[in-house]
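A.B. asks: coordinates only, sequence not included:
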């Protein structure tokens, strides 16, 4: 192993946009779906996707170098991850998330990153993602449902293990978005009911998904902001997936106090978040997520367990615990009233 300085990391990082562009192109062209379960030649991929053979070959080779495809004797095959997440025929397909993750709004935020670093966050303006009318959240709800299918299922399985025999649980899904987290609980417990809370336009997507999963009769809508809408009372479980990172600690404590009041005595709050280690640089995905919050929100962050623990204690929660979510980068925090 050479100890000499190398510019490889610089070139790999500065050219990283090429990787995302190649992946986005492959998704838009349905290249992964074209390959499917049987390895294909570049000619076969080109015919299926109605693209040039040269384009199919070069793009497929590039995806091999990234690890999205495997190549043997001039035939391309999906890797296990690509077969699970990038073939449109898979129930865990996540390709639609590109519409949100690579949207013009998100890219513009990173184009302005020097200004965001100088200011310590994004300006709170009409174009802020915290604006309830921002179309980013419609894109998020529609695009991220597939990406959250597996985490939602794993979370429901892990939490419901403490509730044997399918008791009639009353569940609140805060900032429900696409609704996948609450719906996963309904699918695994036929006696449960879920109230999905979010901004009105976003809840339309959750309602569509509830109908698609045949759970609409047990899924209620609560439009409005989680910070001021009447949340109701006596919930057995309150789900809080992927929300706290958008706000600073005082705002989160105020929200957590509202959720504490909405729970029944002994009720459980279930949080899903990117939680970096206390050193803030591991694991890689949660550690890097802080930069996303710096670029896109005025004061959001990826909080460590000690920080989240302090917020929960300030809101009078007890029995605060953290656990991993299978092979996912997110972590689960549970707390009781």
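C.D. replies: Right, received. Where do you want to start? Just so it is clear, the structure is predicted and the values come from calculations on it, not from any experiment.

A.B. asks: which residue is the nearest non-sequential neighbour of residue 177?
C.D. replies: Distances taken as CB to CB, 6 or more residues apart in numbering put residue 141 closest to residue 177, at 4.7 Å, once the chain neighbours are dropped. Heads up, the C-betas are built off the backbone N, CA and C, glycines and all.

A.B. asks: report all helices and strands that the helix or strand encompassing that neighbour contacts.
C.D. replies: Residue 141 belongs to helix 136-160 when elements are defined using DSSP states H and E. Helices and strands touching helix 136-160, by 3 or more CB pairs under 8 Å, 6 or more residues apart in numbering; DSSP states H and E, are helix 98-101, helix 180-188, helix 200-212, strand 235-241, strand 263-273, strand 331-336.

A.B. asks: average pLDDT for the first one, rounded please.
C.D. replies: If you average the pLDDT over helix 98-101, you get 86.

A.B. asks: check which helices and strands that helix sits against.
C.D. replies: Other helices and strands packing on helix 98-101, by 3+ CB pairs under 8 Å, 6+ apart, are helix 16-28, helix 136-160.

A.B. asks: in the last one, what's buried?
C.D. replies: Right, helix 136-160. Neighbour counts over helix 136-160 (16 or more other CB atoms under 10 Å) mark 136-156, 158-160 as buried.

A.B. asks: grab the nearest non-local neighbour of the spatially most central residue of the chain.
C.D. replies: The centre of the chain sits closest to residue 148, judged by CA atoms, centre = their mean, with a distance of 5.7 Å. Leaving out its chain neighbours, the residue that sits closest to residue 148 by CB to CB, 6+ apart is residue 180, at 4.5 Å.

A.B. asks: for that neighbour, list the residues it contacts.
C.D. replies: 145, 148-149, 152, 209 (CB atoms under 8 Å, 6 or more residues apart in numbering).

A.B. asks: in stretch 211-223, what counts as buried?
C.D. replies: For stretch 211-223, using 16+ other CB under 10 Å, the buried residues are 215, 218-222.

A.B. asks: and it, how far out from the chain middle?
C.D. replies: 21 Å (CA atoms, centre = their mean, to the nearest Å).

A.B. asks: ok, now stretch 216-234?
C.D. replies: The mean C-alpha position of stretch 216-234 is separated from the chain mean by 21 Å, CA atoms, centre = their mean.

A.B. asks: and for stretch 182-201?
C.D. replies: 17 Å.

A.B. asks: and the average pLDDT for that stretch is what?
C.D. replies: On average, stretch 182-201 scores 96.

A.B. asks: I'd like the contacts of residue 180 written out as TSV, with pLDDT and distance to residue 253 added.
C.D. replies: Conversion of the contacts of residue 180 to TSV gives the following (pLDDT from 0 to 100; distance: CB to CB, whole Å):
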residue	pLDDT	distance to residue 253
145	78	30
148	86	26
149	84	31
152	94	26
209	93	31
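
A.B. asks: nearest to residue 184, of these?
C.D. replies: Nearest to residue 184 among the contacts of residue 180 is residue 152, at 3.9 Å by CB to CB.

A.B. asks: let me see the contact set for that closest one.
C.D. replies: Residue 152 neighbours (CB under 8 Å, 6+ apart): 180-181, 183-184, 241.

A.B. asks: just flag the most distant two among those residues.
C.D. replies: 183 and 241 (12.0 Å).

A.B. asks: so which of these two has more stuff around it?
C.D. replies: Comparing residue 183 with residue 241 by other CB atoms under 10 Å, the one with more neighbours is residue 183, at 28 against 23.

A.B. asks: thought the more buried one was touching residue 211?
C.D. replies: No: the criterion here is CB atoms under 8 Å, and residue 183 misses it with residue 211 at 10.4 Å.

A.B. asks: that older thread, and the residue nearest to residue 177, how close does it get to residue 334?
C.D. replies: 25 Å (CB to CB, to the nearest Å).

A.B. asks: would you mind splitting the chain into its domains for me?
C.D. replies: 8-86, 98-336 (automatic domain parsing).

A.B. asks: what's the most buried one of those?
C.D. replies: domain 98-336 (a mean of 18; mean count of other CB atoms under 10 Å).
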